[in-house]
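Trainee: Quick one, structure for this:
(one chain, ligands or ions: 1)
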Amino acid sequence: MKKIINELSVFLDGEKGSAPILFVHGFPYDHQMWKPQIDEFSKHYYCVSYDIRGLGSSPAGEGQFTMELFVDDLEKTIDELELDKPILCGLSMGGYISLRAMERMPDKFSGLILCDTKSEADDNEGKLKRAEAIKQINSGKFDELIETFVRNCFGDKFVEEDNSNYNEVVERSKKNDPVGVKGCLLAMAGRTDTTESLSKIKLPTLVICGSEDKLSPPKVMKPMAEKIAGSKFILIEDAGHMTPIENPKEFNRAIKEFLFENKF
Ligand code: MLT
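Mentor: Presented below is the predicted three-dimensional model:
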């Protein structure tokens, strides 16, 4: 079922009375990246996913986005749906949103799943890359930017072996509103560093990383997991940055075990 909340497209799957899992996608994707997870987990959980402002079918408006606005959107979604302490699952940009949400409103959640993400803010090189991407979009090279960015997100194995699925993701990403994409780039460039707060996370936490992830590699994600007391770190072999799409079997297995171990 689809619902509009605070202008955003929100998707509800599973029984409303079941334990809720809230999925927050990465950039420049939309809620559809979670299809293999929603198909699986909606059998026993109330799965809520949404298109982040400016991406998928959520409107870009003027594209003046901040990470704070994205967290406001997340909060309004939880409140409007009256979700009782959902498990929060965020990938990459969705992880940045999740980590900031943990600082702002930790009591709203019962568990945390961080996928292919990091707590550090953009360094100077990262900020300059965002500026370059915006310049590329402004010079009419939106499709080229998407092609390069998305290719960098996926591991070689998946692109070579599951080319039609990969091409579908690229084509869908090109349908995003360039204004929304620029807004997300600005929000990511301006986000705060959440590293100091990792030790304050008291929720059961699962950290998942693709062994070939170039954007948030194991050497960044493992130390992040170590700063969250009691967290579990799972490495998915031969996968890049998009573990839920690249290896849904192993990814779902990791989540299933985490849910079981923590009696969710
Ligand atoms: C994402 O997958 O959300 C992005 O790669 C995050 C980023 O560019 O920092």
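
Trainee: hey, let's count contacts and neighbours off CA atoms from now on
Mentor: Fine.

Trainee: I'd say residue 23 and residue 50 touch.
Mentor: Yes. If you go by C-alpha atoms under 8 Å, residue 23 and residue 50 touch, sitting 7.4 Å apart.

Trainee: SS state for residue 89?
Mentor: Following DSSP: H, G, I helix; E, B strand; the rest coil, we place residue 89 in the strand state.

Trainee: Check the burial of it by counting its neighbours.
Mentor: 23 (other C-alpha atoms under 10 Å).

Trainee: ok, back up a step: what touches both of residue 23 and residue 50?
Mentor: With C-alpha atoms under 8 Å, 6 or more residues apart in numbering applied, the overlap between the contact sets of residue 23 and residue 50 consists of residue 31.

Trainee: residues contacting residue 4?
Mentor: residue 10.

Trainee: And residue 12, its phi and psi?
Mentor: With angles defined as degrees, to the nearest 10, residue 12 sits at phi -120, psi 130.

Trainee: got the contact list for it?
Mentor: Residues near residue 12 by C-alpha under 8 Å, 6+ apart: 1, 2, 3, 46, 47, 48, 49.

Trainee: how about a cut-off of 6 Å?
Mentor: Residue 12 is in contact with 1, 47, 48, counting by C-alpha atoms under 6 Å, 6 or more residues apart in numbering.

Trainee: and those residues as JSON lines, adding secondary structure and pLDDT?
Mentor: Compiled in JSON lines, the contacts of residue 12 are given as follows (DSSP: H, G, I helix; E, B strand; the rest coil; pLDDT from 0 to 100):
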{"residue": "1", "secondary structure": "coil", "pLDDT": "96"}
{"residue": "47", "secondary structure": "strand", "pLDDT": "98"}
{"residue": "48", "secondary structure": "strand", "pLDDT": "98"}
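
Trainee: With distance to residue 139 and neighbour count added, can I get those residues in CSV?
Mentor: Conversion of those to CSV gives the following (distance: C-alpha to C-alpha, whole Å; neighbours: other C-alpha atoms under 10 Å):
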residue, distance to residue 139, neighbour count
1, 38, 8
47, 39, 26
48, 36, 27
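
Trainee: Identify the bridge partners of residue 87.
Mentor: For residue 87, the residues forming beta bridges with it (DSSP bridges) are residue 21, residue 111.

Trainee: My read is that it contacts residue 24, right?
Mentor: No. The pair residue 87 / residue 24 is not scored as a contact, 11.0 Å apart, by C-alpha atoms under 6 Å.

Trainee: who touches both of those two?
Mentor: Counting by C-alpha under 6 Å, 6+ apart, residue 87 and residue 24 have no shared contacts at all.

Trainee: can you pull out the strands in the chain?
Mentor: Ranges of strands in the chain, per DSSP state E, are 2-5, 8-13, 20-24, 46-50, 87-91, 111-115, 205-210, 232-236.

Trainee: Alpha carbons of stretch 167-181, as CSV, please.
Mentor: What follows is stretch 167-181 as a C-alpha-only set of coordinates in CSV (Å, rounded to 0.1, in the frame of the first residue of the first chain):
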residue,chain,number,x,y,z
ASN,A,167,20.9,-1.9,-16.1
GLU,A,168,17.4,-1.6,-14.6
VAL,A,169,18.9,0.1,-11.5
VAL,A,170,20.9,2.5,-13.8
GLU,A,171,17.8,3.4,-15.9
ARG,A,172,15.6,3.9,-12.8
SER,A,173,18.2,6.2,-11.3
LYS,A,174,18.3,8.3,-14.4
LYS,A,175,14.6,9.0,-13.9
ASN,A,176,15.3,11.0,-10.8
ASP,A,177,14.7,14.7,-10.9
PRO,A,178,18.2,16.3,-11.3
VAL,A,179,17.0,19.0,-8.8
GLY,A,180,16.4,16.3,-6.2
VAL,A,181,19.7,14.7,-6.9
